[in-house]
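A.B. asks: Fold the following for me, if possible:
(one chain, ligands or ions: 1)
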Amino acid sequence: MDMEGVDESFRVTPWEVEGVVDYERLVRLFGTELISDELMARLTSLAGDSNHMLRRRIFFSHRDLNLVLDDYSAGRGFYLYTGRGPSGPMHVGHIIPFYFTKWLQDRFNVNLYIQMTDDEKFLEESRGLTLEDTSRWSYENMLDIAAVGFNPDRTFIFRNTEYLGNMLPLVLKVARKINFSWVRAVFGFNEQTNIGMVFFPAIQIVPALFERRRCLIPAAIDQDPYWRIQRDIAEGLGFYKAAAIHSRFLMPLTGPTGKMSASQPESAVFLSDDPKTVRKKIWQAFSGGQPTVEQHRRLGGNPDADVAFQWLYYFFEEDDRKVEKLREDYRSGRCLSGEMKEILIEKVTSFLEEFSRRREEARDTLHLYTRDGGLAREMWERRHGLD
Ligand code: TRP
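C.D. replies: Have a look, this model is predicted:
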């Protein structure tokens, strides 16, 4: 099988990440583009603000981002689409891309659609989840997502098991354009794959056709195979090819291989972890330090392998000067692994404290994002006007 995103040393598909990902190689395998300094400068200037995840190339790759910016400049606008597979509790690695998405929404004042794929997580048989499980996780995860604080007038969060009827006409138009050998090649399906999984890509593609303007998808790079199919069929159906902006993965607490997962609780900090658990998990995290303090002072540590530093760099320390000083101090041995961990514990704990307050408030505001009025109504009216 020669799926794209699979190399001798790593494997990135929408369902699994194994090994140490070589992101530059992945960009070549997927055929996406690195975000150049020039493109970042253009995005920053139109946004009227700079973003640390862009500066640090946590969002590092894209498709057609330049065209999105052309559309914005020309007044045609664009819209955002992202999603979540509700298979369990969300961890910090899951929520961080939503903060970047909020930054985009606020800066460009655009519509945002968020798809909850409770159908997909049920169909992935190896997860062993019932429909009741995925529907409950959907609700829990929607509270997490609502806690991020999107613009309620411009955001629609929907679960596939509820909303599919509304999407079905478009899902069918998409499904008719995709044959089995295509999804088999893209996703690695085989004769044993259940037919729900074989059909599912049509459902994840459709929100990238919700409006008759360009769709920009902020998501981790493992979701790119869907957008590639969308891009091959969109124009034939009278829509724009989707644009995408791709993130790297947050390093698991257990070290540089694979990705964080709910089945391995020590690999991740969950949004519901209490301060004691956070402290314990980060304290046990993989470190780039030397075995003894004496050696560390003398030889210095490796910030590239140090999970605490990597988490600060990825998201938790916004100040570039501070983060670069930490990198240098760690490399030179001035900063010890325990000190780096303390800094991260403080950041993550205060982030989660604020987050859980907002999540409680979201119980009262969730309906603003899920109602079938608002953006959902506007979208269908606009569609039908144009169809
Ligand atoms: N398949 C994604 C997951 O398992 C969920 C998803 C649906 C998604 N639509 C999306 C993610 C759009 C990013 C962008 O998590």
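
A.B. asks: Which parts of the stretch 1-150 of the chain are helices?
C.D. replies: Using DSSP state H, counting those that start in this stretch, the helices of the stretch 1-150 of the chain run over 23-30, 37-47, 52-55, 65-73, 92-108, 118-123, 131-146.

A.B. asks: now, of the ones you listed, which is deepest in the fold?
C.D. replies: helix 118-123 (a mean of 23; mean count of other CB atoms under 10 Å). Every residue, glycine included, has its C-beta placed from N, CA and C.

A.B. asks: List the contacts of it.
C.D. replies: Residues outside helix 118-123 that contact it (CB atoms under 8 Å, 6 or more residues apart in numbering): 85-87, 127, 129-131, 133-135, 137-138, 159-161, 164, 194, 196-197, 200, 203-204.

A.B. asks: Only whichever of the residues you listed are buried, select them in ChimeraX.
C.D. replies: Buried residues within these, by 16 or more other CB atoms under 10 Å, are selected in ChimeraX with:
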select :85,86,87,127,129,133,134,135,137,138,159,160,197,200,203,204
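
A.B. asks: Output the below-cut-off pLDDT ranges for the stretch 251-387 of the chain.
C.D. replies: Scanning the stretch 251-387 of the chain for pLDDT under 70 picks out the ranges 373-374, 380-387.

A.B. asks: ok, which residues in it are in contact with the ligand?
C.D. replies: Not one residue of the stretch 251-387 of the chain sits near the ligand, judged by CB under 6 Å from any ligand atom.

A.B. asks: Where does the residue of the stretch 251-387 of the chain found nearest the ligand fall, secondary structure wise?
C.D. replies: Of the residues in the stretch 251-387 of the chain, the one nearest the ligand is K259, at a distance of 11.4 Å by CB to the nearest ligand atom. If you go by DSSP states H and E, K259 is not part of any helix or strand.

A.B. asks: Measure how buried it is and give me the count.
C.D. replies: 19 (other CB atoms under 10 Å).

A.B. asks: so it sits right up against L253, yeah?
C.D. replies: No - with contact defined as CB atoms under 8 Å, K259 does not count as touching L253 (11.3 Å).

A.B. asks: quick one on the thing from earlier: format the helices of the stretch 1-150 of the chain as JSON lines; extra columns: mean pLDDT.
C.D. replies: Formatted as JSON lines, the helices of the stretch 1-150 of the chain follow (pLDDT from 0 to 100):
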{"stretch": "helix 23-30", "mean pLDDT": "92"}
{"stretch": "helix 37-47", "mean pLDDT": "98"}
{"stretch": "helix 52-55", "mean pLDDT": "98"}
{"stretch": "helix 65-73", "mean pLDDT": "98"}
{"stretch": "helix 92-108", "mean pLDDT": "98"}
{"stretch": "helix 118-123", "mean pLDDT": "98"}
{"stretch": "helix 131-146", "mean pLDDT": "97"}
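
A.B. asks: quick one: which of the ones you listed is nearest the ligand?
C.D. replies: helix 118-123 (5.6 Å).

A.B. asks: Does the residue in the stretch 201-350 of the chain that the ligand sits nearest to fall in a helix, a strand, or a coil region?
C.D. replies: Nearest residue of the stretch 201-350 of the chain to the ligand, counting by CB to the nearest ligand atom: A219, 3.5 Å away. Put simply, A219 is strand when judged by DSSP: H, G, I helix; E, B strand; the rest coil.

A.B. asks: Beta-bridge partners for it, please?
C.D. replies: H246 (DSSP bridges).

A.B. asks: Correct me if wrong: it contacts S247.
C.D. replies: Yes - between A219 and S247 there is a contact at 7.2 Å, judged by CB under 8 Å.

A.B. asks: Overlap of the contact sets of these two?
C.D. replies: The contact lists of A219 and S247 share P97, where a contact means CB under 8 Å, 6+ apart.

A.B. asks: doesn't F150 make contact with K102?
C.D. replies: Yes - with contact defined as CB under 8 Å, K102 reaches F150; the gap is 5.8 Å.
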